[in-house]
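**Q** I would like the atomic coordinates for the input below:
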Amino acid sequence: MEVLNLCENRRVLFDNKTRDASKRAEQMNMLLSLVNRVIEQNAGQPYSDELFAEIQKGEMNFRDQQEEFNSLKGNISIKEISELKEQMKEQYEEQLKRVTDMVEMKLKEATGNLERQLAEEHAARLRAEENAQFEQRKSNEEIRMLRESLQKAHEELSKKGGCAIL
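**A** As a prediction, the model looks like this:
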């Protein structure tokens, strides 16, 4: 929830297992429109990350391939069109895998950092509890010694038969 709040509740969900090209294209468009919105909100400065660069590179490749395909559309055979489509599909899946791998790597890294931070905080809490227990034992021992001293002083005073201010 904290990460979503930091990202102003922006998120895009993907169905990585879909074979429907139109659904994949729709998902990619949704992601790119979200990226463009973030760029607009950041005064034209995109989030400079290798993941963003990879997505932008894929978008440019896709546009180039679309333009090439459109320019050749009337001049090539159905077999060549089919081969070009298959090539575009393979490149798209390859890029999607790279992006997915990058996201997974970043998630693992973030998870590792959070786990390490949690372990450090847990260790610090245990040390604080141990220190508190040590101080409590020390305090109890001092109280016990003071009571013994007080009792001895009381006994000595009562042996002497006098009254004294303690």
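**Q** mind listing the strands in this structure by residue range?
**A** Counting by DSSP state E, no segments of the chain form strands.
**Q** number of residues surrounding Val99?
**A** When neighbours are counted by other CB atoms under 10 Å, Val99 registers 20. Where C-beta positions appear, they are placed from N, C-alpha and C, glycine not excepted.
**Q** ok, now Glu115?
**A** 10.
**Q** what's the answer for Thr100, then?
**A** Neighbour tally, Thr100, other CB under 10 Å: 12.
**Q** shouldn't it be in contact with Asp15?
**A** No - Thr100 is not in contact with Asp15 according to CB atoms under 8 Å; the separation is 11.9 Å.
**Q** pLDDT below threshold where in the chain?
**A** For the chain, applying pLDDT under 70 flags the ranges 2-7, 42-52, 73-74, 161-166.
**Q** find the residue at the geometric middle of it.
**A** Ala110 (4.2 Å; CA atoms, centre = their mean).
**Q** show me the helices in the protein, by range?
**A** 2-6, 21-41, 50-72, 78-160 (DSSP state H).
**Q** now do the buried residues in the third one.
**A** Under the neighbour-count criterion of 16 or more other CB atoms under 10 Å, helix 50-72 has Ile55, Gly58, Glu59, Phe62, Gln65 buried.
**Q** export those residues to JSON lines and append columns for distance to Arg144.
**A** JSON lines is the format used below for these (distance: CB to CB, whole Å):
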{"residue": "Ile55", "distance to Arg144": "69"}
{"residue": "Gly58", "distance to Arg144": "74"}
{"residue": "Glu59", "distance to Arg144": "75"}
{"residue": "Phe62", "distance to Arg144": "79"}
{"residue": "Gln65", "distance to Arg144": "84"}
